[in-house]
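1. Sequence and predicted structure below; questions after.
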Amino acid sequence: MLFQDKYERARNLQKENISKKVSEPYEEYHGEKLYEPSLEEQLEKGDMFALIVSAMITILPIALLALLVIVFISWIFLIH
């Protein structure tokens, strides 16, 4: 391979980084995980409303398009 040395160094670096992340995923204190906040504690006051609005903006146009396709196909079969 043309860049075998660089490839080997990059792979070794990746393996080292992965082994560090796997060995210590959480900081521990006397064998217990440190406090992890729940979802409700992580969200701010207006976050849930923003999540709902963004979901509606994303999902509703796709759902309406799918519904229109179904109606159009059924209309074609019923008319002809």
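-> Yep, that arrived.

2. Could you pick out the longest helix of the protein?
-> The longest helix of the chain (DSSP state H) is helix 47-79.

3. pLDDT on it, on average?
-> Mean pLDDT, computed over helix 47-79, is 94.

4. how far out from the middle of the chain is it?
-> 22 Å (C-alpha atoms, centre = their mean, to the nearest Å).

5. and what of stretch 72-80?
-> Counting by C-alpha atoms, centre = their mean, stretch 72-80 is centred 39 Å from the centre of its parent chain.

6. Could you export that stretch as CSV, CA atoms only?
-> Below are the C-alpha coordinates for stretch 72-80, written out as CSV (Å, rounded to 0.1, in the frame of the first residue of the first chain):
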residue,chain,number,x,y,z
PHE,A,72,-55.3,9.9,-5.9
ILE,A,73,-54.6,6.3,-6.6
SER,A,74,-58.0,5.2,-5.3
TRP,A,75,-59.7,8.0,-7.3
ILE,A,76,-58.0,6.7,-10.5
PHE,A,77,-59.3,3.2,-9.8
LEU,A,78,-62.8,4.3,-9.0
ILE,A,79,-63.3,6.6,-11.9
HIS,A,80,-61.9,4.3,-14.6
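
7. Residues touching it, excluding its own?
-> By C-beta atoms under 8 Å, 6 or more residues apart in numbering, no residue outside stretch 72-80 reaches it. C-beta coordinates here come from the backbone N, C-alpha and C atoms, glycine included.
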